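Enquirer: below is the sequence, then the predicted model.
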Amino acid sequence: MDAFQPLVARSLRASRLVSRLEAAYPQGLSLSLESRNPFEYLVATVLATQCRDERVNQITPALFARFPDPFAFATADYEELLGYIRSTGLGPTKTRNLIALSRLLIERHGGLVPATMSELVALPGVARKIANLVLADCHGVVEGVAVDTHVRRISRLLGLTQSADARKIEQDLIECLPRTSWRNWNNYLVEHGRKCCIAGAPRCTQCPLLEDCPTGVTLVTQLGP
Ligand code: SF4
């Protein structure tokens with residue numbers, strides 16, 4: 001199997017990969033970030049940058065009790081807000097972004113989370129990954145594929161992209177994945193990256209994607225019988 005096939009072959013393989021993932025994780029995939037409304041989800045996705053969802057879920061109940069809406073975040077004391085979110089990493093940057101994005105939400109959108117890609121990516125700290133998640137999960141609009149560290153790594157291993165750039169990876173995935181799978185591709189690969197295709201220690205011989213994974217086929221062939 002060529003590492004990077006022509007689009008038609010890649011699309012056929014991508015469809016099979018989606019079916020294999022659906023079969024491997026039949027319990028369905030639910031949102032792992034806890035929130036009660038679109039604003040809380042937006043904040044949680046910002047906090048989840050370079051942080052595990054479980055950690056974010058640990059701190060958000062107290063955070064949202066103290067700062068319940070964009071107006072509270074927009075007028076937050078920097079040091080106090082930083083204290084609530086520091087443990088998610090990148091604390092100073094996230095604090096500045098959350099205050100600034102809350103002010104922009106109030107100025108431009110009446111405090112509501114907008115429903116277009118262009119409006120979302122104009123918010124501080126919001127790139128396409130977050131925007132894709134918020135659009136799909138808060139507004140039911142699927143415009144692209146959310147590319148996080150799992151999607152970036154495993155999509156490359158699967159030979160669905162050769163790029164290291166998130167925007168190009170998303171374009172490659174949009175080209176070959178069935179549109180109906182765009183939203184779930186992120187969820188499936190997060191799950192698969194934790195359970196089977198573990199960074200630095202992929203369990204290829206047990207992987208349900210092996211037959212359609214050029215990296216796995218190569219690795220298993222090298223291992224020999
Ligand atoms: S076959 Fe190996 S490299 Fe490919 S997705 Fe599975 S675990 Fe990852």
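Expert: Noted; the coordinates are in hand. Residues are numbered from 1 along each chain as shown.
Enquirer: what's around whichever residue of the chain sits closest to the ligand, how many residues?
Expert: At 2.3 Å from the ligand, Gly216 is the closest residue in the chain, using C-beta to the nearest ligand atom. Where you see a C-beta, it was placed from the backbone N, CA and C, and this is true even at glycine. Residues within reach of Gly216, counting by other C-beta atoms under 10 Å, total 21.
Enquirer: then Pro6?
Expert: 8.
Enquirer: do Tyr188 as well
Expert: 22.
Enquirer: which strands and helices lie in contact with the helix-or-strand element of the chain with minimal mean pLDDT?
Expert: Lowest on mean pLDDT, DSSP states H and E among the helices and strands of the chain sits helix 214-223, with a mean of 91. In terms of contacts (3 or more C-beta pairs under 8 Å, 6 or more residues apart in numbering; DSSP states H and E), helix 214-223 is packed against strand 201-202.
Enquirer: hmm, the strand it packs on in reach of the ligand?
Expert: Yes - remark: strand 201-202 sits within contact range of the ligand at Pro202, by C-beta under 6 Å from any ligand atom.
Enquirer: can you name every helix or strand that that strand contacts?
Expert: helix 214-223.
Enquirer: now with 10 Å, please.
Expert: Applying 3 or more C-beta pairs under 10 Å, 6 or more residues apart in numbering; DSSP states H and E, we find strand 201-202 packed against helix 149-157, helix 214-223.
Enquirer: nearest to Leu101, out of the ones you listed?
Expert: helix 149-157 (22.2 Å; C-beta to C-beta).
Enquirer: what is the closest one packed up against?
Expert: Going by 3+ C-beta pairs under 10 Å, 6+ apart, helix 149-157 lies up against helix 7-24, helix 128-139, helix 166-176, helix 182-195, strand 197-198, strand 201-202, helix 214-223.
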